[in-house]
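Undergrad: give me a model of this one.
(one chain, ligands or ions: 1)
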Amino acid sequence: MSLPAGVPSQMFVGGEWADGSAGTFEVLNPSDGSVLCAVPRAGVDDVQRAVGVAADAQRDWAATAPRERGEVLRRAFEAMLARKEDLAFLMSLEMGKSLTDARGEVSYAAEFFRWFGEEAVRIDGALRTAPSGANRILTFRKPVGVALLLTPWNFPAAMATRKIGPALAAGCSVVLKPAEDTPLTALLLAQLLHEAGAPAGVVNVLTTDRPGELTETALADARVRKLSFTGSTGVGRMLLKQAADRIVNTSLELGGNDPFIVLEDADLDAAVQGAMLAKMRNGGQACTAANRFLVAEQVAEDFGKRLAEAMGALRLGPGTAEDTQLGPMINAKAVEGIADKVDRTVAAGASAVLGGERPDGPGFFYPATVLAGVPRDSAAATEEVFGPVAPIISVRDEDDALAIANASEMGLTGYVYTGDLARGLRVCERLEVGMVGLNRGLVSDPAAPFGGVKQSGLGREGGYEGIDAYLETTYVATAW
Ligand code: NAD
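TA: Reported below is the predicted structural model:
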């Protein structure tokens, strides 16, 4: 399958399309393993040039009226909706997600431009009176500067707009490096932002399949003042160490191992419906994906059966086919990883009540899988699976569920299903996570603060909090 007309396949630097000085690399279609196109591989000199133009553009951008910065984002929001079908098709093509998921992502991703376009005119300071009554404490806020944005492949549009939106609203310029598996969506976004009036140099996109070289060069450059990364905890930890050398302001959105708790008084129909969203959106390739189903022993078997029925009914197929409900995984390595975790969990004593066997190629497919009787220390219970696999662990009670949930080093999202709201809120308070879905299987909302605790990250994106990551506070001590 070929690329839709008008999709850029060059890098975007200083308002112009450019080749890379280190050659090219191929982008694959995960639905059949074929090559979609080649894109530039940025060299060290490209990185330095992108940082240079971003630094030059940032001064004027920061001085641009907040209303005008907001209007650029507003126009980009509208442009994304006008190109919704193109963007959705492109994401399905390069990432493999179903068209339904892809359309949902375009709407979600565009909202970050609208939300932060509105926030651009609400960046305020404060005036306080010191406790002594003699002095005044005046604060104002200014943009951090040039931001290096690194995004994963699973939400190629939303992870980019969730960073570009607040950065541009705050008056920062950006150098975005999308994941090597899905660079094309980011390039199309750069084109839309350019058409929406983002001045040359404010938004730059570099593509590479050698991310380490790019980030080392950028983080060593004194002009880069901000790093915002979404991806795996392992890479996030390494980048945090690199950022430490120059104390670069750092935000991290990392991996999860999200518990989905079903208490014995839950409405099981609602819980299964929520589980389908929390588990199967994006084929289970979401950081917010339910990874461990902790189900009260009284209802565990029934819940497992109903979930297997719902998951088993999903149609597996290429992302771009209109009737596909479960597309391929991102690449062959991802399929290997999922199969390995399922096999180790079954060897440890779990049973596959659905799926568990890889289909023949072409394409990087893994079927919807439900594992019952999952041992608490097995692979699927302790590691992020990142695929359409639902491990079910039966628990004695609320305390037992919380003990297992909180035993993880990760703390991104949790889900709780119960018929008793007060009980549900008590569980929410005790869960060691950044976000909880209470009788809901979807937490993402551009107006909400998204992020994790423990090794799931630092800082929040979206909501009123999202712009803080791109602002510094200056305090003026004064008296009058
Ligand atoms: P990844 O860490 O492999 O890649 C993420 C980004 O880091 C990509 O742009 C990649 O090119 C870059 N990268 C990879 N190796 C690098 C290196 N050595 N140096 C510098 N950059 C490097 O993660 P992934 O597989 O793309 O994404 C899946 C992970 O992301 C999962 O763990 C998932 O939970 C997490 N995730 C988290 C959130 C969140 O908001 N918390 C959202 C989506 C995904």
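
Undergrad: how far away is G304 from E297?
TA: Counting by CB to CB, to the nearest Å, the gap from G304 to E297 is 12 Å. Glycine gets a C-beta too; all of them are placed from N, C-alpha and C.

Undergrad: over to M11?
TA: Relative to E297, M11 is positioned 55 Å away (CB to CB).

Undergrad: neighbour count winner among these two?
TA: Counted by other CB atoms under 10 Å, M11 and E297 do not tie: M11 has more neighbours, with 26 against 13.

Undergrad: what's near enough to touch the more buried one?
TA: 17-20, 39-40, 42, 46, 187, 204-207 (CB atoms under 8 Å, 6 or more residues apart in numbering).

Undergrad: go again with 6 Å.
TA: By CB atoms under 6 Å, 6 or more residues apart in numbering, the residues touching M11 are A18, P40, L206, T207.

Undergrad: tell me how many other residues surround the first one.
TA: It refers to A18. A18 has 18 neighbouring residues, counting by other CB under 10 Å.

Undergrad: then the third one?
TA: For L206, the tally of surrounding residues (other CB under 10 Å) stands at 28.

Undergrad: wait, it sits on E180?
TA: No - look at L206 against E180 with CB atoms under 6 Å: they stay out of range, at 11.3 Å.

Undergrad: which non-adjacent residue is nearest whichever residue of the chain sits closest to the ligand?
TA: In the chain, the residue that lies nearest the ligand is G231 (2.6 Å; CB to the nearest ligand atom). Distances taken as CB to CB, 6 or more residues apart in numbering put P152 closest to G231, at 4.5 Å, once the chain neighbours are dropped.

Undergrad: which helices and strands does the host helix or strand of I261 pack with?
TA: Taking DSSP states H and E as the definition, I261 sits inside strand 258-262. Under the contact criterion of 3 or more CB pairs under 6 Å, 6 or more residues apart in numbering; DSSP states H and E, strand 258-262 touches strand 290-296, strand 413-417.

Undergrad: which one of these is the most hemmed in?
TA: strand 413-417 (a mean of 30; mean count of other CB atoms under 10 Å).

Undergrad: quick one: that one to chain centroid distance?
TA: With CA atoms, centre = their mean, to the nearest Å as the basis, strand 413-417 stands 18 Å off its chain's centre.

Undergrad: just checking: what are the partner strands of that strand?
TA: Here strand 413-417 is paired, per DSSP bridges, with strand 258-262 (parallel), strand 435-438 (parallel).

Undergrad: ok, and which of these has the densest surroundings?
TA: Most buried of the strands paired with strand 413-417 by mean neighbour count (mean count of other CB under 10 Å) is strand 258-262; its value is a mean of 29.

Undergrad: next secondary structure element downstream of that one?
TA: Downstream of strand 258-262, the first helix or strand assigned by DSSP H and E is helix 268-280.

Undergrad: so is that next one next to the ligand?
TA: No - counting by CB under 6 Å from any ligand atom, no contacts exist between helix 268-280 and the ligand, the nearest distance being 13.6 Å.

Undergrad: can you list the helices and strands that that helix packs against?
TA: helix 300-312.

Undergrad: quick one, the helix it packs on and strand 413-417 angle?
TA: Per axes from the mean of the first three to the mean of the last three CA atoms, to 10 degrees, the angle that helix 300-312 makes with strand 413-417 is 120 degrees.

Undergrad: in helix 300-312, what counts as buried?
TA: For helix 300-312, a neighbour-count test (16 or more other CB atoms under 10 Å) marks A300, F303, G304, R306, L307, A308, A310, M311 as buried.

Undergrad: now the last one. Nearest residue, chain neighbours left out?
TA: Excluding its sequence neighbours, the residue lying closest to M311 (CB to CB, 6+ apart) is A368, at 4.0 Å.

Undergrad: hang on, isn't W61 packed against G201?
TA: No - using CB under 6 Å, W61 is not in contact with G201; the gap is 8.2 Å.

Undergrad: residue nearest the centroid of this structure?
TA: Central residue of the chain (CA atoms, centre = their mean): M159, 4.6 Å from the mean position.

Undergrad: what sits against A300?
TA: Taking CB under 6 Å, 6+ apart, we find A300 in contact with S394.

Undergrad: helices of the stretch 301-450 of the chain, start to end?
TA: Using DSSP state H, counting those that start in this stretch, the helices of the stretch 301-450 of the chain run over 332-347, 379-382, 398-406, 421-430.

Undergrad: for the shortest one, the distance to its chain's centre please.
TA: The one in question is helix 379-382. Mean C-alpha position of helix 379-382 versus that of the full chain (CA atoms, centre = their mean) differs by 22 Å.

Undergrad: same deal with stretch 102-109?
TA: The answer for stretch 102-109 is 13 Å, by CA atoms, centre = their mean.

Undergrad: repeat for stretch 388-402
TA: Relative to the chain's own centre, stretch 388-402 is displaced by 25 Å; criterion: CA atoms, centre = their mean.

Undergrad: only the buried residues of that stretch, if you could.
TA: Result for stretch 388-402 [16+ other CB under 10 Å]: buried residues P388, V389, A390, P391, I392, I393, S394, V395, E398, D400, A401, L402.

Undergrad: switch those residues over to TSV; also include pLDDT and distance to Q325.
TA: What follows is the buried residues of stretch 388-402, written out as TSV (pLDDT from 0 to 100; distance: CB to CB, whole Å):
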residue	pLDDT	distance to Q325
P388	98	10
V389	98	16
A390	98	15
P391	98	21
I392	97	21
I393	97	26
S394	96	28
V395	97	30
E398	97	33
D400	98	34
A401	98	29
L402	98	33
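
Undergrad: and the two most separated of these?
TA: Within these, two members stand farthest from each other by CB to CB: P388 and E398, at 27.9 Å.

Undergrad: the stretch 251-400 of the chain against the ligand: which residues are in contact?
TA: E253, L254, G255, G256, C287, E384, F386.

Undergrad: name the nearest residue to T100, ignoring sequence neighbours.
TA: Closest residue in space to T100, ignoring its immediate chain neighbours: Q325 at 7.3 Å, by CB to CB, 6+ apart.

Undergrad: for the stretch 101-250 of the chain, which residues are neighbours of the ligand?
TA: Residues of the stretch 101-250 of the chain lying near the ligand (CB under 6 Å from any ligand atom): 150-155, 159, 177, 179-180, 211-212, 215, 230-232, 235.
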